[in-house]
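Engineer: Any chance you can model this:
(2 chains)
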Amino acid sequence: MHEWALAEAVITAAQQIAEKEKLREVREVTVKIGELQQVEEDILRFALLQLKPASFKNAAFSIERSKTTLKCRVCENAWLFSKNKLDENTAEAIHFIPEVAHAYIKCPKCGSPDFEIAEGRGIWLDNIKGVR
Amino acid sequence: MDPRTTVINERLSRIGRIIAVSSGKGGVGKSLVATSLALTLSRRDCKVGLFDLDFTSPSTHLIMGVKNVQPEEDKGIVPPVVKNLAYMSLVHFSGDQATPLRGADVSNALIELLAVTQWGKLDFLVIDMPPGIGDAVLDLVRLVKRIEFLIVTTPSLLAFETVKKQVRLLQELKIPIIGLVENMKRDQTKDIKQETERLGVRFLAGIPFDPEVEEAIGDVTKLLDTTLAQRIRELAANKIT
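Structural biologist: Numbers count the residues shown, from 1 in each chain, chains lettered A, B, ... in the order given. The predicted model follows:
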């Protein structure tokens, strides 16, 4: 239920935006989740629905997954992250703290651990829509 | 928008004081001071957390002889209790593997841990900082409203000159500095004490070079018997609690 803490962050951030934008009711919240963090979508959605405040009662939560692109800083090779190549413990460690990937993943071309998480790291509040 | 930063101060809201043990320079004994301080406070009937933020060179687990502990998941990550401390470190996730992280990765890992760690109610959270005034210091100052710094130096000019820069930075940012600890003193000179007071910072303790400390690594009972721990106990009793 690590997803619960992330859902709390999404709701808090969305509330802050709604307040700033003077939205009296939020209708749509779009969240992006990067593959690297392997967030369980069902648990995240359940937590978002449980945590939503009154001004979000008619809000639809849209969760979009994005592939993770890793890019080697040494040889510039770019590749897609795949959970399937990891053992269970490693996958779980990366699920908690995605940067731990640097301890376990190497560039498949040159073997360097010096890569950038170019896209699809973790959770991101992409958009909120509502009425003033 | 990165939503994680919005919950950090809520996560830390039930913690009495948040103390970052820090130094402009590496190798001055920050981790030993931080660990001894956390252990000492917990023995004064305080609820204490220890957070190792030195992601690339963590050492508090070695100092305490911690092996095979794992956090639990409960609406976030709950730190395991080690030697009566709520203990969080990246080694829970990286194990013995080297974890080479660049600045942006350090920030991201730090934000993640601050956002998802459920510390609960604590009297003190002691943070073992990485050396320098880089990402971890700047992120804590930016993200943690009630952060206070305890600065560690050695008598070496090389250490103290960088510490002076750190002190000036924190003073400019109006971040509270509890005071300065001089570690590994080899004589009774008061130069660092006077220089520290000239900076407008309280001199907390002078700790003599203590060869027993190296032998106490991995054994908390031995560590708490060292002169270092004794000085930290006096500091905790008179200047922290």
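Engineer: Quick check, residue B:56 in contact with residue B:97.
Structural biologist: No. The pair residue B:56 / residue B:97 is not scored as a contact, 11.5 Å apart, by C-beta atoms under 8 Å. All C-beta atoms are positioned from the backbone trio N, CA, C, and that covers glycine.
Engineer: Find the residue closest to residue A:75 in space, skipping its chain neighbours.
Structural biologist: In space, and not counting its chain neighbours, residue A:75 is closest to residue A:110: 4.3 Å by C-beta to C-beta, 6 or more residues apart in numbering or on different chains.
Engineer: Tell me what the residue nearest the centre of chain B is bridged to.
Structural biologist: Taking C-alpha atoms, centre = their mean, the centroid of chain B lies closest to residue B:128, which sits 2.5 Å from it. Legend: beta-bridge partners of residue B:128 under DSSP bridges are residue B:21, residue B:52.
Engineer: where does the nearest residue to residue A:129 once chain neighbours are set aside fall, phi/psi-wise?
Structural biologist: The shortest distance from residue A:129 to any non-neighbouring residue, by C-beta to C-beta, 6+ apart, is to residue A:28 (4.2 Å). Main-chain torsions, residue A:28, degrees, to the nearest 10: phi -150, psi 130.
Engineer: which residues sit in contact with residue A:30?
Structural biologist: A:62, A:64, A:125, A:126, A:127, A:128 (C-beta atoms under 8 Å, 6 or more residues apart in numbering or on different chains).
Engineer: wait, isn't the fourth one in contact with residue A:64?
Structural biologist: Yes. The criterion here is C-beta under 8 Å, and residue A:126 meets it with residue A:64 at 7.1 Å.
Engineer: overlap in contacts of the two?
Structural biologist: With C-beta under 8 Å, 6+ apart, residue A:126 and residue A:64 have common neighbours A:30, A:31, A:32.
Engineer: element containing the last one?
Structural biologist: I take that to be residue A:32. Assessed by DSSP states H and E, residue A:32 sits inside strand A:25-34.
Engineer: hey, C-alpha coordinates of that strand in CSV?
Structural biologist: Presented in CSV, the C-alpha positions along strand A:25-34 are these (Å, rounded to 0.1, in the frame of the first residue of the first chain):
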residue,chain,number,x,y,z
GLU,A,25,-15.6,21.6,-8.3
VAL,A,26,-13.0,19.3,-9.8
ARG,A,27,-14.3,17.1,-12.7
GLU,A,28,-11.2,15.4,-14.0
VAL,A,29,-7.8,14.5,-12.7
THR,A,30,-5.2,13.0,-15.0
VAL,A,31,-2.3,11.1,-13.4
LYS,A,32,0.7,9.7,-15.3
ILE,A,33,2.7,6.8,-13.9
GLY,A,34,6.0,5.7,-15.2
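Engineer: which secondary structure elements does the lengthiest helix in chain A contact?
Structural biologist: Secondary structure of chain A per DSSP state H: the longest helix is helix A:2-20. With contacts taken as 3 or more C-beta pairs under 8 Å, 6 or more residues apart in numbering or on different chains; DSSP states H and E, helix A:2-20 sits against strand A:25-34, helix A:41-51, strand A:123-131, helix B:103-116.
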